[in-house]
Structures are given as C-alpha cells and as structure tokens.
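>>> How does the following fold in three dimensions:
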Amino acid sequence: MRNETEFAGLIPDVLRSWNIAPDDVALISASGNSHWRVRYRRDDFVLRVYRRGQSEPSIRYELDILKRLRSLGWPVAAAVEETVLHAGFVFALFPLLLGCPRQEETSEHALCRGRILGELHRTERPHGCRPATRVAASR
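Predicted structure coming up:
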C-alpha cells in the first residue's frame with residue numbers, strides 16, 4: 001500500500017489532468033480514502049484518492065448520488081469533473097464546502113439529523129441500491 005508521501009508525488013500529475021496548477025496542497029485525512037485540500041487561485045477543492053478495492057460501479061454510484069442530490073438542492077459536494085485514473089488509483093475532485101466543527105450532540109441535534117436522513121432516503125429511494133463493493137484480498 002502506498003503511503004501519503006508517495007501519493008503526494010502523484011498529485012501534481014493528477015491535478016494537471018483538470019488543468020489545475022495548485023497554489024497549495026495539504027493532507028486532510030488518510031484514513032480509508034485519502035483527502036487533500038487544494039488551493040488554486042481563489043478556489044478551494046478537496047482531492048480524494050479512493051482506496052484500493054473500491055469497484056468502479058461503487059465509485060460511480062457515489063458520484064452519481066452526490067450529483068443528483070446537488071441538483072435537488074442538497075448542500076453536498078458533487079465532483080467537479082470526471083474521475084482520473086493514475087498509477088492504478090482513482091482520484092476525484094470536489095469543491096470545498098466550509099462548515100462548522102461538530103459540536104456536542106444534543107437530543108435536538110439527533111432529531112434534526114433523523115429528519116434530514118429521512119428526507120434524504122425519501123429523495124433517493126427511486127435511485128436504487130448501491131452496487132456491491134469488492135475489496136481486494138490482502139497478501
């Protein structure tokens with residue numbers, strides 16, 4: 001498995017695929033899929049590299065759902081372009097959506113989240129089920 005330093009070496013080539021010469025790139029998270037914050041001129045993006053073993057249909061399903069939810073007015077980050085396959089890894093670029101850090105959960109927060117999730121499920125029910133994801137065997 002590649003470490004984040006090795007991924008960092010791939011990032012300039014991947015971003016060039018979207019005609020982006022970044023002003024700054026900083027690692028956000030490396031658990032599961034890895035994410036970097038990319039600053040380009042006045043825009044901020046999140047670059048995701050999908051972990052090995054995620055199938056193309058599973059990735060496509062996720063991106064299609066995000067695009068559909070965005071078109072329905074949900075505040076989600078849909079990919080800004082098509083994915084890029086580079087060095088055997090799938091990369092996707094998303095706009096950075098700013099928000100507030102998670103605060104201590106209250107019963108009111110839980111009820112609100114439940115209502116939002118219920119609405120999300122009603123919105124997405126016609127879209128179908130997520131395809132099965134195959135995970136590559138470890139050696």
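>>> So the residue nearest the centre of the chain versus residue 18, what's the distance?
The centroid of the chain falls nearest to residue 48 when counting by CA atoms, centre = their mean (5.5 Å). Distance of residue 48 to residue 18, given as CB to CB, to the nearest Å: 13 Å. Every C-beta, even on glycine, is put in place using the N, C-alpha and C of the backbone.
>>> Now for those two: what residues contact both?
residue 93 (CB atoms under 8 Å, 6 or more residues apart in numbering).
>>> I'd like the average pLDDT over the top helix by length along the chain.
Longest helix in the chain, counting residues (DSSP state H): helix 107-124. For helix 107-124, the mean per-residue pLDDT is 80.
>>> contacting residues around the residue nearest to the centre of the chain?
33-35, 91-94.
>>> How about it: which residues does it bridge to?
Beta-bridge pairing for residue 48 (DSSP bridges): residue 35, residue 92.
>>> Residue 90 is in contact with residue 14, correct?
No - Residue 14 is not in contact with residue 90 according to CB atoms under 8 Å; the separation is 10.1 Å.
>>> Show me which of these two is the more surrounded one.
More crowded of residue 14 and residue 90, by other CB atoms under 10 Å: residue 14, with 23 against 19.
>>> And that one, its phi and psi?
Main-chain torsions, residue 14, degrees, to the nearest 10: phi -60, psi -50.
>>> Next up, the contacts around it.
47, 84, 86, 91.
>>> do you know how far it is from residue 103?
For residue 14, the distance to residue 103 - CB to CB - is 34 Å.
>>> quick check, residue 97 in a strand?
No - counting by DSSP: H, G, I helix; E, B strand; the rest coil, residue 97 falls outside a strand, being coil.
>>> which stretch of helix or strand covers the closest residue to it other than its chain neighbours?
Distance criterion CB to CB, 6 or more residues apart in numbering; nearest residue to residue 97, sequence neighbours excluded, is residue 77 at 5.0 Å. Using DSSP states H and E, residue 77 sits in no helix or strand.
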